[in-house]
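Participant: Sharing a sequence plus its predicted fold:
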Amino acid sequence: EVQLQASGGGSVQAGGSLRLSCRASGFNFDDHVIGWLRQAPGGQREGVACITKNNGTYIPDSMKGRFTMFSDSAEKTMYLQTNNLKIEDTAVYYCATRQGPGKDYWGQGTQVTVSS
């Protein structure tokens, strides 16, 4: 059974940093796309970062230079390092994996709140 457990969220002031972690189980970490998404209140879920099966890392331009994703395959843990956080980064952050066409799995989410 695929399971994802995210942690590390919290409340920070603008300009601060947080490192989010996601412990995975139930699948081979290196064989599937893993990533982070977020959803702000009233907003749509949007991609934040992902690592592809060939270890390519994708981060949207709006987050490049501030967000970094990396993973530890041995520990089956993925991380999202968020720096220079902005108020608009406030959202619930989810870790996820794509196991195949139409087979996406999500963790329970961790709240990130950025204040001025």
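Facilitator: Arrived safely, thanks for sending.
Participant: ok, Thr77 - contacts?
Facilitator: Ser21, Cys22, Arg23, Ala24, Ser71 (Cβ atoms under 8 Å, 6 or more residues apart in numbering). Heads up, the C-betas are built off the backbone N, CA and C, glycines and all.
Participant: how about the first one, phi and psi?
Facilitator: Looking back up the chat, that one is Ser21. Ser21 has phi and psi values of phi -120, psi 150 when expressed as degrees, to the nearest 10.
Participant: Determine the longest strand present in this protein.
Facilitator: Counting residues, the longest strand in the chain under DSSP state E turns out to be strand 91-100.
Participant: how about the nearest residue to the residue most central in space within the chain, chain neighbours excluded?
Facilitator: With distances taken as Cα atoms, centre = their mean, Trp36 lies nearest the centre of the chain, 2.5 Å away. Once flanking residues are discounted, Trp36 sits nearest to Val48: 4.3 Å by Cβ to Cβ, 6 or more residues apart in numbering.
Participant: ok, now which ones touch the one you found?
Facilitator: By Cβ under 8 Å, 6+ apart, the neighbours of Val48 are Gly35, Trp36, Leu37, Arg38, Ile59, Pro60, Met63, Phe67, Met69, Leu80, Tyr93.
Participant: Which of these sits closest to Gly109?
Facilitator: Tyr93 (6.5 Å; Cβ to Cβ).
Participant: tally of neighbours for the closest one?
Facilitator: 23 (other Cβ atoms under 10 Å).
Participant: Go ahead and confirm it touches Ala6.
Facilitator: Yes: counting by Cβ atoms under 8 Å, Ala6 is a contact partner of Tyr93 at 6.7 Å.
Participant: The residue nearest to the centre of the chain: which element?
Facilitator: strand 33-39 (DSSP states H and E).
Participant: orientation of the helix or strand just after that strand relative to strand 91-100 in degrees?
Facilitator: With elements assigned by DSSP H and E, the helix or strand that comes after strand 33-39 is strand 45-51. Counting by axes from the mean of the first three to the mean of the last three Cα atoms, to 10 degrees, strand 45-51 lies at 60 degrees to strand 91-100.
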